[in-house]
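Student: Everything below, folded, please.
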Amino acid sequence: MSASRDHVLLVGMMGAGKTTIGARLAAAMGRPYLDSDLQVERATGMTVPEIFETRGEAAFRREETAALRAALSSDRPAVVAVAGGAVLDDGNRSLLARSGTVVWLRARPETLVARLGSGAGRVLVQPDPAAAVPRLVEQRYPLYEGLASVSVDVDDRAPDDVVELVRAALVRDVRVELGDRSYDVRVGPGARRDLAGLLPSRARRAAVVTQAGVGVAVEPGIDSVRIEVPPGERAKSMATVEWVCRELARAGMTRHDVVVAVGGGVVTDLAGFAASCYHRGVDVVHVSTTLLGQVDASIGGKTGVNLPEGKNLVGAFWQPHAVVCDTDTLASLPAREWRSGLGEMAKYAFLGLDDLDVLPLAEQVARCVTLKAAIVAQDERESGRRAVLNYGHTLAHALEAAGLAVGSGEAGAAGGGRPEPAEPMRHGEAVAVGLVFAARLARRLGRIDGARVARHLEVVERYGLPSTLPDGVSPAELVELMGRDKKATDGLTFVLDGARGVEVVPGVEPAAVLDALAETAAEVAA
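Tutor: Presented below is the predicted three-dimensional model:
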């Protein structure tokens, strides 16, 4: 993974408490703590006043920028106390805006003056802090305000109280509006610490369904049992659903208790389906721990398992009671799992979210959730508009059914007696290829032009995803598998781009599909 976009970046004036609050916030969140002023001092072997005195403010600002860039280059999310004047530089502001959530610790000038006292060690407020502070406030506060997505007033508050206010402000709720079945999706770093408050009030016990490799601990706040399902996509089977339901029964779970699914799309699909069946339906709360799950799979109530004949062919619409998308859980995702989520994000570029890759991570997730929530609210049961969320998925699911791609966390399982690929595609990688294929098919059907196809290639490549079919493809087999897709009610059916945007197109001729597949495969040799 590249540099994290999920840092918590504390900005504000000297005396606002960035150092004290930053260290305590990092400890509370279990993150590294970095102070850009301290980074400058370590890099130069000089104190900040010494740099000002011997080398001047311009030299300090250069060191400040270098320290900030170094601090934000880590792929591990951190809490960073940003030097008060770093925001004066246009490049620094741009870097901060795309590196995480910027939190302004806001204080009244009189609070700052009182805290700074004589201003010892603070070069820019000498010789008269009472006169200097208002001048700096006038210069910097508009920059802080324009940059920060969260502002917390620190006047008359103890540091620990400010820490709690910041933690609360870092998460947000996105509402999925479905009448009396509406629910919130809580998004942000540390969101899973709110799990206990998101469970249904009637629940007395929780069954935490997860997989061994997930490695994310949760605290439901009530008596709980743990049910561990097999690793990878192989867990999504009718046999596993039966086993989970029997485990629920053996644990004495009642219809008033709750299932808590902790994991990626495999776990939320499987646990959600088991919850829909057990006692004819019990509450489920999803704690999604993968990028793919947070931006797509855990939202909207689709649950299901696979059959040998195809992916997700047995399932139910069963809306969760709540969803938790803790972006902290994404920091340790393997690179291939991360890429799998990027495939879903590439899809959203053609559904109206074309600027995701320049946003902080928590904002990327929140925007995807917001768009999907709006679509689900319009069409819960996929009888119309919701089908656009399957853009790129018809081919992706066929590749998975053929054993040429795998779902989240699976090691691969070849179908039809075919040797297992050495590096099978992940679900999101298959979706990326599916997007390019769908664009080429749409062009052959006269729905879009070559420039629009090029745009699909550009987006997929911008996310670092594949755009060509894997080796070992049988076009005829893929066409057969795509004919079994759940959308296929009138011959081969695809979600395709066009003048009216992305929409479902039934009755596509197999010859056009084969030609588009050949074009997508031919690029390998190009």
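Student: Can you tell me how far H256 is from V282?
Tutor: Distance of H256 to V282, computed by CB to CB, to the nearest Å: 8 Å. To be clear about C-beta, it is placed using only N, CA and C from the backbone, and glycine gets the same treatment.
Student: Look at these two and report which has more neighbours.
Tutor: V282 (23 against 13; other CB atoms under 10 Å).
Student: I'd guessed that one sits against M253; true?
Tutor: Yes - if you go by CB atoms under 8 Å, V282 and M253 touch, sitting 7.2 Å apart.
Student: Mind listing the shared neighbours of those two?
Tutor: V259 (CB atoms under 8 Å, 6 or more residues apart in numbering).
Student: Assumed L10 was part of a strand.
Tutor: Yes - under DSSP: H, G, I helix; E, B strand; the rest coil, L10 sits within a strand.
Student: what's the neighbour count on it?
Tutor: The criterion is other CB under 10 Å. On that basis, L10 has 28 neighbouring residues.
Student: so what's it up against?
Tutor: Contacts of L10 by CB under 8 Å, 6+ apart are K18, I21, G22, L25, V79, V80, A81, V82, V103, L105, V166.
Student: Now do the nearest residue to G264 once chain neighbours are set aside against S474, distance only.
Tutor: In this structure, G264 finds its nearest non-sequential neighbour in T290, 3.6 Å apart by CB to CB, 6 or more residues apart in numbering. Separation of T290 from S474 (CB to CB): 30 Å.
Student: Pick out whichever of these two has more residues nearby.
Tutor: It is T290, of T290 and S474, that has more neighbours when counted by other CB under 10 Å, with 29 against 14.
Student: Break this structure down into its domains, please.
Tutor: Using automatic domain parsing, the domains assigned to the chain come out as 7-169, 172-333, 385-522.
Student: start to end distance for the first one?
Tutor: The stretch domain 7-169 measures 14 Å between its terminal residues, going by CA to CA, to the nearest Å.
Student: Averaged pLDDT, it. What do you get?
Tutor: Across domain 7-169, pLDDT averages out at 96.
Student: Any idea how many residues pack against the nearest residue to R280 once chain neighbours are set aside?
Tutor: Distances taken as CB to CB, 6+ apart place R255 nearest to R280, at 7.5 Å, with adjacent residues excluded. Neighbour count for R255, taken as other CB under 10 Å: 11.
Student: do the same with V174
Tutor: Neighbour tally, V174, other CB under 10 Å: 22.
Student: ok, what's across the strand from it?
Tutor: Here V174 sits in beta bridges with V185, going by DSSP bridges.
Student: One more: A81?
Tutor: L10, D35.
Student: circling back to that earlier point, among the domains of the chain, which comes closest to D354?
Tutor: Closest approach to D354 among the domains of the chain (CB to CB): domain 385-522, 8.0 Å.
Student: How far away from the center of its chain is that closest one?
Tutor: 23 Å (CA atoms, centre = their mean, to the nearest Å).
Student: pLDDT averaged over it, what's the number?
Tutor: Computed over domain 385-522, the mean pLDDT rounds to 87.
Student: and the residue lying closest to L517 once chain neighbours are set aside, how far is that from V495?
Tutor: Leaving aside its chain neighbours, L517 sits nearest to P475 (4.7 Å; criterion: CB to CB, 6+ apart). To V495, P475 is 20 Å away according to CB to CB.
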